[in-house]
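Undergrad: got a predicted structure here, sequence first:
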Amino acid sequence: MTPYELIKKKRDGLALSKKEIGFLIDGFVNGQIPDYQMTAFLMAVYFKGMSDRECVELTMAMASSGDQVDLSAIQGFKVDKHSTGGVGDKTTLVLAPLVAASGGIVAKMSGRELGHTGGTVDKLESIPGLQIELTRDKFTEIVNDVHVSVIAQTASLAPADRKIYALRNVTATVDAIPLIASSIMSKKLAAGSDGIVLDVKTGRGAFTTSYEKALILAKTMVDIGEGAGRRMVAWITGMEQPLGHAVGNAVEVREAIDTLRGRGPGDLVDLIMELGSDMLLISGIVSSRNKAKSRIADNLANQKGLKRLVDLIIAHGGDPSVVDNPNLLPQPNTKIEVKSESHGYVSAIDSLEVGLASKILGAGRKTKDDTIDYSVGIYLKKKIGDKVKIGDSLAVLYADGDEEKIGPARKKILTAYSFNPNKIDPPKLIYARVTRDGVEKF
Ligand code: URA
């Protein structure tokens, strides 16, 4: 068996055996298979896909490519949450402390930015001092103490995904269902939580742009997780425009803090209510979704979620004063208004263009080893349905002052916005809830 033969087999649309998948994953992790051969294989999967069986076997090979976390030292049901990736998706920053404040035990593993979307790990690292690359013992200790911890994938946990994820990010091989499903589920299984709530995004800013594809991805991941003995719920939610107003790193942390103060944007709050209540429900803390929702709403209103964020930041060595004074977060050198050249009602905001604009400003990596500027990003002042006059500010660019970045980013924001002379309703946010029992549409 050689990597060449297996790349060719997949390129020609044939299914690989469990042994062949294991050979590729093990060889890549131990350095015998180089990046260029793995990239060729990923591109072949991108074009030819994988059967359900191959997808499960790829996930299992990746999950067992490193250590499996044993969370049995933590009492109670451990719940995790994962998004397939969106623009402005700061949900975890709000949800993790809020669910912990509501009685859940959140042992969460998060990723870095991927493609045009941001990553929770990068966002959290914009908090001065905050450490996200923790040992497993420290992770267990924090979850035991404050019932919530978010860590980056350590080198020893699903190392196959860690290496493949970084390659996919720079080789246009992100948006393939088998690669997304195996990436997410390998980490989730290795990270050891008992239950997982997934947020599968659909729309122009998502990796699965159509509802049908998002549904396949959701069902695939629910099946993989349930097959491995985990309680699974997957939500299909809209990414027809960025979530909330902030896109970037520090700017999203600020919006998350505002949300935990009860001043969050409606779409983000709606999403949190749905995902959060399922996290409580599968944890067995409440007996109905309605009870779960009111518990989440109470802990948003009484700011217990915000207090738990402070505990989380302290436990991770970060500076908790950013919560009371978000100006202590990294600040951009300059803020530039993007003024509308059209009038009417905002009818679309292309999340993909907004995500790319944020990357151009420096909020994302161009190569695997690039560094991120935490201070830059975008604040959208107008969302779908808002009325706009020529000259109104559509968005603010948070930038480092480099015109070579500002010009193209401004252009992308202007192309991202579409207008309609007639009033438009905001797009649908919640599409469906997928469990082992079936699909509930909204
Ligand atoms: N999140 C992941 O962890 N992996 C993907 O492939 C997409 C989103």
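TA: Nice, I can see it. Numbering: from 1, shown residues only.
Undergrad: which of the three states applies to whatever residue of the chain ends up closest to the ligand?
TA: Here the chain gets closest to the ligand at one residue, S183, 3.5 Å apart by C-beta to the nearest ligand atom. For glycine as for every other residue, the C-beta is placed from the backbone atoms N, C-alpha and C. For S183, the assignment made with DSSP: H, G, I helix; E, B strand; the rest coil gives helix.
Undergrad: over to M43?
TA: helix.
Undergrad: please parse the protein into its domains.
TA: The chain resolves into domains spanning 3-49, 78-324, 330-420 when parsed by automatic domain parsing.
Undergrad: can I get those domains in CSV with mean neighbour count and mean pLDDT?
TA: Formatted as CSV, these follow (neighbours: other C-beta atoms under 10 Å; pLDDT from 0 to 100):
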stretch, mean neighbour count, mean pLDDT
domain 3-49, 17, 97
domain 78-324, 22, 93
domain 330-420, 19, 94
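Undergrad: and those domains: which comes nearest P427?
TA: Closest to P427 of the domains of the chain is domain 78-324 (C-beta to C-beta; 4.1 Å).
Undergrad: how long is stretch 113-125 end to end?
TA: 12 Å (C-alpha to C-alpha, to the nearest Å).
Undergrad: hmm, back to that, so the residue of the chain closest to the ligand touches R162, yeah?
TA: No: using C-beta atoms under 8 Å, S183 makes no contact with R162, being 9.7 Å away.
Undergrad: contacts only, for E226.
TA: Contacts for E226 (C-beta atoms under 8 Å, 6 or more residues apart in numbering) come out as 232, 436.
Undergrad: what helix or strand is it located in?
TA: Take DSSP states H and E as the rule and E226 turns out to sit in helix 211-227.
Undergrad: show me the strands in the stretch 251-400 of the chain, by range?
TA: Ranges of strands in the stretch 251-400 of the chain, per DSSP state E, counting those that start in this stretch, are 334-339, 344-349, 377-380, 387-388, 393-399.
Undergrad: ok, A214 touching G238?
TA: No: using C-beta under 8 Å, A214 is not in contact with G238, being 9.6 Å away.
Undergrad: now do the shared contacts for those two.
TA: Common neighbours of A214 and G238 (criterion: C-beta under 8 Å, 6+ apart): 201-202, 431.
Undergrad: want to throw those into TSV with distance to the ligand and secondary structure?
TA: Formatted as TSV, the shared contacts of A214 and G238 follow (distance: C-beta to the nearest ligand atom, whole Å; DSSP: H, G, I helix; E, B strand; the rest coil):
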residue	distance to the ligand	secondary structure
K201	9	strand
T202	13	strand
Y431	18	strand
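Undergrad: so which of those comes closest to Y398?
TA: Checking the shared contacts of A214 and G238 against Y398 by C-beta to C-beta gives K201 as the nearest, at 23.5 Å.
Undergrad: which residues touch that closest one?
TA: With C-beta under 8 Å, 6+ apart, K201 has these contacts: 83-86, 89, 207-208, 214, 236-239.
Undergrad: tabulate these (TSV), appending distance to S126.
TA: Converted to TSV, the contacts of K201 look like this (distance: C-beta to C-beta, whole Å):
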residue	distance to S126
S83	18
T84	22
G85	18
G86	18
D89	15
F207	23
T208	28
A214	29
I236	29
T237	24
G238	26
M239	22
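Undergrad: could you export the helix holding E226 as CSV, CA atoms only?
TA: C-alpha atoms of helix 211-227 as CSV (Å, rounded to 0.1, in the frame of the first residue of the first chain):
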residue,chain,number,x,y,z
TYR,A,211,-30.1,23.4,3.5
GLU,A,212,-30.0,20.0,1.9
LYS,A,213,-26.2,19.7,2.4
ALA,A,214,-26.4,21.0,5.9
LEU,A,215,-29.0,18.4,6.7
ILE,A,216,-26.8,15.6,5.4
LEU,A,217,-23.9,16.9,7.5
ALA,A,218,-26.1,17.2,10.6
LYS,A,219,-27.4,13.7,10.2
THR,A,220,-23.9,12.3,9.5
MET,A,221,-22.6,13.8,12.7
VAL,A,222,-25.6,12.8,14.8
ASP,A,223,-25.2,9.2,13.6
ILE,A,224,-21.4,9.1,14.2
GLY,A,225,-21.9,10.5,17.8
GLU,A,226,-24.8,8.3,18.7
GLY,A,227,-23.0,5.3,17.3
